[in-house]
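Colleague: sequence and computational prediction follow.
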Amino acid sequence: MKKMQLGLAIAIASFMGIVQAVTLPGPVVSAEWLAANQSEVQILEVRGDVASYTRAPEFEVDKKTGKKFLVEVGGHIQDSTLLDFKKVRADRMIDGKKIKYLIPEKADFEKIIQSVGINSDKPIVLVPIGLDISDVDEALRAYWQFKVYGEDNIAVLDGGMAGWLSEGRDYSVAPSVKLNGTWLGKAERKELIANSEQVALASKTGKSTLIDARQPVQYFGLSKRDYVSAYGHIAGAKELAPELLAKPVKGALYFWDKNTYNSLFAANGINPKTPAISYCNSGHLAAGGWFVMSELIGNKSTKLYDGSLYLWTLEGRPLVGVSLN
């Protein structure tokens, strides 16, 4: 009898745990939501500037209003772990050549995520620095890789750490605790990845919209990154300046609503309902275009061109731009 009662109690407790498990409200969560559910999720801060994780934030006081405002992000959310953005992407051998800036193999990505203490079957919230669109896109690139390998229980903190600090929330400067996690990918969604042949076909036929997620000066061929060997953009691509993808509020960057994105995309000649491929110089900023199109607008026929113009020009494929005298 006692064994039956014990078994029943365990079953009820397990059921209650399932019922009470927190559900992410969507691909983006607010600081208010995260603060209320902090103990129920895994917080992973994605940064290229890893030193900022243990550095105190900097504030200044407005002499007229007396209000404190954030100048430099530092510190992190209590109990979060740190993912170095420099480790998010990998060098891989493609047709006998070493190609940079690519998504790691599934097993390698699992090791990276396990090494920062992330476990399976518990929601993950990614936290960018949130001051500049490039650091927001660091978290979005990691998000895309998680999605490629089947992780759906994941979201991004709107406003990032900058928004968290601007709201006066608590932070820590303690080092990230080194723990081994159990996270494993559940799938390999190759449909989220575009290759060069698919991009070339999109350029030729226009059946998929090519979204160039770089600055206009690079799109038009007035400047370029040193690892891209030609100037300009892929023929037929539509330019979508990265700074359009988020709105600044008190020094932090926040996502627009869906209707605003639909209008922005349409104004840039991009039909948000048709298949699309997002690219940039290396596949970093392209994650912003992919995230907005796929996760916020809801166009699931959106791919990211991994390697982007670094790979495209390495293969000797052409770009177009304005004529320079």
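Modeller: Happy to help now that I have it.

Colleague: from here on, contacts and neighbour counts on C-alpha atoms
Modeller: OK.

Colleague: so where's the stretch 201-325 of the chain shaky on pLDDT?
Modeller: Along the stretch 201-325 of the chain, the parts satisfying pLDDT under 70 run over 324-325.

Colleague: now do the strands in it.
Modeller: Taking DSSP state E, counting those that start in this stretch, the strands of the stretch 201-325 of the chain run over residues 209-212, 238-239, 246-249, 252-255, 276-279, 302-305.

Colleague: quickly run through the sheet partners of the shortest one, with directions.
Modeller: This means strand 238-239. With DSSP bridges as the test, strand 238-239 is paired with strand 209-212 (parallel).

Colleague: related to what we said a few turns ago, so which of the strands of the stretch 201-325 of the chain gets nearest residue 74?
Modeller: Residue 74 sits nearest to strand 252-255 of all the strands of the stretch 201-325 of the chain, at 13.2 Å, using Cα to Cα.

Colleague: got the CA positions of the closest one in PDB?
Modeller: Extracted C-alpha coordinates of strand 252-255, given in PDB (Å, rounded to 0.1, in the frame of the first residue of the first chain):
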ATOM      1  CA  ALA A 252      19.100  49.500 -26.300                       C
ATOM      2  CA  LEU A 253      17.800  47.900 -29.500                       C
ATOM      3  CA  TYR A 254      14.400  46.400 -29.700                       C
ATOM      4  CA  PHE A 255      12.500  44.500 -32.400                       C
END
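
Colleague: any idea how far it is from the chain center?
Modeller: Put simply, strand 252-255 sits 13 Å off its chain's centre (Cα atoms, centre = their mean, to the nearest Å).

Colleague: neighbouring strands - and their directions - for it?
Modeller: Sheet pairing for strand 252-255, assigned by DSSP bridges, gives strand 246-249 (antiparallel).

Colleague: can you list the domains in this structure?
Modeller: When the chain is parsed with automatic domain parsing, its domains come out as 24-166, 190-314.

Colleague: what ranges do the helices span in the stretch 1-150 of the chain?
Modeller: For the stretch 1-150 of the chain, applying DSSP state H, counting those that start in this stretch gives helices covering 2-20, 31-36, 106-115, 133-148.

Colleague: so which bits of stretch 25-38 are buried?
Modeller: Within stretch 25-38, the residues that count as buried by 16 or more other Cα atoms under 10 Å are 27-31, 34, 38.

Colleague: of all the strands of the stretch 201-325 of the chain, which lies closest to residue 76?
Modeller: Across the strands of the stretch 201-325 of the chain, residue 76 has its closest neighbour in strand 252-255 (14.9 Å, Cα to Cα).

Colleague: return the distance of residue 138 relative to residue 90.
Modeller: 14 Å (Cα to Cα, to the nearest Å).

Colleague: no no, residue 235
Modeller: Using Cα to Cα, residue 235 is found at 28 Å from residue 90.

Colleague: least reliable of the helices of the stretch 1-150 of the chain going by mean pLDDT?
Modeller: For the helices of the stretch 1-150 of the chain, mean pLDDT drops lowest on helix 2-20, to a mean of 46.

Colleague: and stretch 282-294, how far out from the chain middle?
Modeller: Its chain's C-alpha centre lies 8 Å from the corresponding centre of stretch 282-294 when counted by Cα atoms, centre = their mean.

Colleague: quick one: contacts for the closest residue to residue 250 other than its chain neighbours?
Modeller: Once flanking residues are discounted, residue 250 sits nearest to residue 166: 7.0 Å by Cα to Cα, 6 or more residues apart in numbering. Residue 166 makes contact with 69-70, 250-252, according to Cα atoms under 8 Å, 6 or more residues apart in numbering.

Colleague: same check on residue 207?
Modeller: Residue 207 neighbours (Cα under 8 Å, 6+ apart): residue 275.

Colleague: 6 Å instead?
Modeller: Not one residue lies near residue 207 by Cα atoms under 6 Å, 6 or more residues apart in numbering.

Colleague: same deal with residue 217?
Modeller: Neighbours of residue 217 in contact, by Cα under 6 Å, 6+ apart: residue 223.

Colleague: before we move on, back to that, could the domains of the chain be laid out in CSV, adding distance to residue 173?
Modeller: Formatted as CSV, the domains of the chain follow (distance: least, Cα to Cα, whole Å):
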stretch, distance to residue 173
domain 24-166, 4
domain 190-314, 20
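
Colleague: for residue 177, find the nearest of these.
Modeller: Among these, if distance is taken as Cα to Cα, the winner is domain 24-166, at 6.9 Å.

Colleague: now the terminal residues of that closest one, how far apart.
Modeller: OK, domain 24-166 end separation, Cα to Cα: 23 Å.

Colleague: with stretch 185-195 instead?
Modeller: Here the two ends of stretch 185-195 are set 21 Å apart, with distance taken as Cα to Cα.

Colleague: need the contact partners of that stretch.
Modeller: If you take Cα under 6 Å, 6+ apart as the criterion, stretch 185-195 is touched by 148-150, 303-305.

Colleague: switch to 7 Å and redo it
Modeller: With Cα atoms under 7 Å, 6 or more residues apart in numbering as the test, stretch 185-195 has contacts from 106, 110, 148-151, 277, 302-306.
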